[in-house]
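Undergrad: Structure for this input, please:
(chains A and B)
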Amino acid sequence: MFVGMAEDDRTEQQDRECIRRMASKDANALDAFYTRYNRLAFSLVLRIVGNREDAEDVLTDVFWQVWQQSSRYDASRGKPVAWLLTIARTRAIDRLRSTSRHEVSTDDPDKHRDPPTAPTEPDPFVQTDTREAVHQALQSLQEQQRIPLEMAYFQGMSHTEIAAALGQPLGTVKDRIRTGMMHLRKRLRPYL
Amino acid sequence: MSMKHTELTDDLQERASLYAAGAMTDSERLEYARHLDEDQCVVCQAEVKELQSAISLLAFTVPSSSPSPTVKVRLMEQARHAVPVIQPRPPGFRWLQWATAVIALASVVAALSLMRTNSELRREADALKSRIARLEVQLVEQQDTIATLTSVGVRVVDLAGQGASMQASGRIFWDQQRKRWLFSVRNLPPAPADKSYQLWFVPKQGNPISARVFNTEADGSVSVEVPVPDNATDLKAAAVTTEPLGGQPQPTGPFALLGAM
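TA: Prediction:
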């Protein structure tokens, strides 16, 4: 039967081992985990908070949280990289809200419609095919599904804020987020 | 919502989607997180796990940037200096306090042993439900694969070993309707530690397009599913090359497998 990639499996095993060692307070494991994922996490945080100074502060907090909570990492809840990125996104949205830069956009929904641009600095730890597959999956979403998803994920907007910003009924927005998520999961299943 | 669910409904799927996307209001998010953690609802946990994994991949679409090296220096300093703090023993800690502590500890141990059987049974039930959920997902994936292999119009492309990998072979089932390849390899030894194998779409015109970076299992086999992008339909060949670890934008290494369309 078709199985996950051996390469991905190997990386995941290495990540789990890193987290196990971090739980034993092995600083070398934190060093290795940071080396592998700092650019990916930083890029996401920077995309959300919008300036390097805040993004670097948040990045420190993110990896510090990983270090502190490594003993509580629950492997049944997902891959280590997904856990890291969930922490990174949450801390970045918290920073965005605390610095009052989080403004609900009601004037220009078109600004959400540009697909993400190409990478500016290739990250040696991110496989190019993964990046391409995610780009394709995102571009294959209908615009009406992609926009609310990106507004939620990158701007931390709730469904009620998105509905108000786009001038759409709340039920429609919720349904489009659900449909978009189902589509993303289906397209990206080989990478989960 | 203080209950465990037994099956995934549209409504539950919508809540899991909103939670994973970060689109719940603060109060909804707190209540749902409580449901996941305290109710230990394996149905919702499994759905959230997959959806969070999927949405977190959006990070891969963001233009890549590097933080300043001082971030790592600061972080590692912080980690290396965060040694456990040992509290000094308070003065006057006498035998009566020891006795009190021992009695309290014995009471706790007794209470825990009474609760243990019950919580073990609960954990076993949760583990079984989780296993059933995983098997259901595997079943759907297997049915999906069988549907591809037996669908009308599926193309089969054989790949032959090249150069040092003459003994290897590969086969692609190309589901043109659903735009995907089911690709399997046999007798291709795992790549060296600093190398990866990379599968390419080779169009009739233009440069090869990366399909997947992969490695084989210890027995030289692997099977993967590869989405076929819209710009990779008019193909003349499929190829596998050996590349530096993580793959390359264009092939640079020797062919391991090659097959004409």
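Undergrad: in a helix, that's where B:Ser107 is, yeah?
TA: Yes. Checked against DSSP: H, G, I helix; E, B strand; the rest coil, B:Ser107 lies within a helix.
Undergrad: Secondary structure element holding the most centrally placed residue in chain A?
TA: Nearest to the mean C-alpha position of chain A, by CA atoms, centre = their mean, lies A:Leu85 at 4.8 Å. Assigned by DSSP states H and E, A:Leu85 belongs to helix A:80-98.
Undergrad: which outside residues touch the very next helix or strand once past that helix?
TA: Where DSSP H and E defines the elements, the next helix or strand beyond helix A:80-98 is helix A:128-139. Here helix A:128-139 makes contact (CB atoms under 8 Å, 6 or more residues apart in numbering or on different chains) with A:115-116, A:119, A:122, A:146, A:183-184, A:187-188, A:190-191, B:57-58, B:60-61, B:198, B:210-213, B:227, B:229, B:246-249. Where C-beta positions appear, they are placed from N, C-alpha and C, glycine not excepted.
Undergrad: Turn the buried ones among those residues into a named PyMOL selection, would you?
TA: Selecting only the buried entries of the contacts of helix A:128-139 in PyMOL, with 16 or more other CB atoms under 10 Å in any protein chain shown as the criterion:
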select buried, (chain A and resi 116+119+146+183+184+187+188+190+191) or (chain B and resi 57+58+60+61+198+210+211+212+213+227+229+246+247)
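Undergrad: Filter the contacts of helix A:128-139 down to the ones in strands?
TA: Using DSSP state E, the members of those that fall in strands are B:198, B:210-213, B:227.
Undergrad: Got the phi and psi for A:Gln142?
TA: Dihedral pair for A:Gln142: phi -70, psi 150, per degrees, to the nearest 10.
Undergrad: That one - how many residues pack around it?
TA: 11 (other CB atoms under 10 Å in any protein chain shown).
Undergrad: From A:Gly180, how far off is it?
TA: 8 Å (CB to CB, to the nearest Å).
Undergrad: sorry, back to before: who's in contact with the residue nearest to the centre of chain A?
TA: Shown in contact with A:Leu85 (CB under 8 Å, 6+ apart): A:40-41, A:44, B:56, B:59.
Undergrad: now swap in A:Val66 and tell me
TA: A:19, A:22, A:30, A:33, A:83-84, A:87.
Undergrad: Tell me, what's the model's pLDDT at it?
TA: What the model reports for A:Val66 is a pLDDT of 95.
Undergrad: buried ones in the helix holding A:Leu85?
TA: Under 16+ other CB under 10 Å, the buried positions of helix A:80-98 are A:80-89, A:91-93, A:95-96.
Undergrad: So for that helix, mean pLDDT?
TA: So the average pLDDT for helix A:80-98 ends up being 92.
Undergrad: do the same with stretch B:190-207
TA: 91.
Undergrad: Then stretch B:81-100?
TA: In this model, stretch B:81-100 has a mean pLDDT of 58.
Undergrad: cool, and stretch B:31-44?
TA: Rounded mean pLDDT across stretch B:31-44 is 87.
Undergrad: Wait, B:Arg180 touches B:Ala232, no?
TA: No. Applying CB atoms under 8 Å, one finds B:Arg180 not in contact with B:Ala232, separated by 11.1 Å.
Undergrad: of these two, who's got more company?
TA: When B:Arg180 is set against B:Ala232 and neighbours are counted by other CB under 10 Å, the residue ahead is B:Ala232, at 21 against 18.
Undergrad: Kindly list the main-chain dihedrals of the closest residue in space to A:Arg89 that isn't next to it in sequence?
TA: Excluding its sequence neighbours, the residue lying closest to A:Arg89 (CB to CB, 6 or more residues apart in numbering or on different chains) is A:Leu44, at 6.3 Å. Main-chain dihedrals, A:Leu44, degrees, to the nearest 10: phi -70, psi -50.
Undergrad: cool, B:Asn231 as well?
TA: Per degrees, to the nearest 10, the backbone of B:Asn231 is at phi -90, psi 10.
Undergrad: mind listing what it touches?
TA: B:203, B:209.
Undergrad: What's the separation between it and B:Lys179?
TA: According to CB to CB, B:Asn231 stands 11 Å off from B:Lys179.
Undergrad: just B:Asp11 next, same as before
TA: In this view, B:Asp11 and B:Lys179 are 31 Å apart by CB to CB.
Undergrad: Please compare those two by neighbour count and tell me which comes out ahead.
TA: Neighbour totals were compared for B:Asp11 and B:Lys179, and B:Lys179 leads with 15 against 10 (other CB under 10 Å).
Undergrad: pretty sure the more buried one contacts B:Val226?
TA: No. Counting by CB under 8 Å, B:Lys179 stays clear of B:Val226, with 9.9 Å between them.
Undergrad: for chain A, what are the low-confidence residue spans?
TA: Chain A contains residues with pLDDT under 70 at A:1-8, A:100-128.
Undergrad: Would you map out the domains in it?
TA: A:1-102, A:107-192 (automatic domain parsing).
Undergrad: so which of the ones you listed comes closest to B:Thr100?
TA: The closest of the domains of chain A to B:Thr100 is domain A:1-102. By CB to CB, the value is 30.0 Å.
Undergrad: Check the offset of the closest one from the chain's centre.
TA: Put simply, domain A:1-102 sits 10 Å off its chain's centre (CA atoms, centre = their mean, to the nearest Å).
Undergrad: C-alpha coordinates for stretch B:67-86, CSV please?
TA: The C-alpha coordinates for stretch B:67-86 follow below in CSV (Å, rounded to 0.1, in the frame of the first residue of the first chain):
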residue,chain,number,x,y,z
PRO,B,67,16.4,36.0,11.7
SER,B,68,19.4,37.8,12.9
PRO,B,69,22.1,35.4,14.5
THR,B,70,21.6,37.2,17.8
VAL,B,71,18.3,35.5,18.2
LYS,B,72,20.0,32.1,18.5
VAL,B,73,22.7,33.4,20.7
ARG,B,74,20.1,34.9,23.1
LEU,B,75,18.0,31.7,23.0
MET,B,76,20.9,29.4,23.7
GLU,B,77,22.2,31.6,26.5
GLN,B,78,18.7,31.5,28.1
ALA,B,79,18.5,27.7,27.7
ARG,B,80,22.0,27.0,29.1
HIS,B,81,21.5,29.2,32.1
ALA,B,82,18.0,28.0,33.0
VAL,B,83,19.2,25.4,35.5
PRO,B,84,16.7,24.0,38.0
VAL,B,85,16.5,26.1,41.1
ILE,B,86,17.0,24.1,44.3
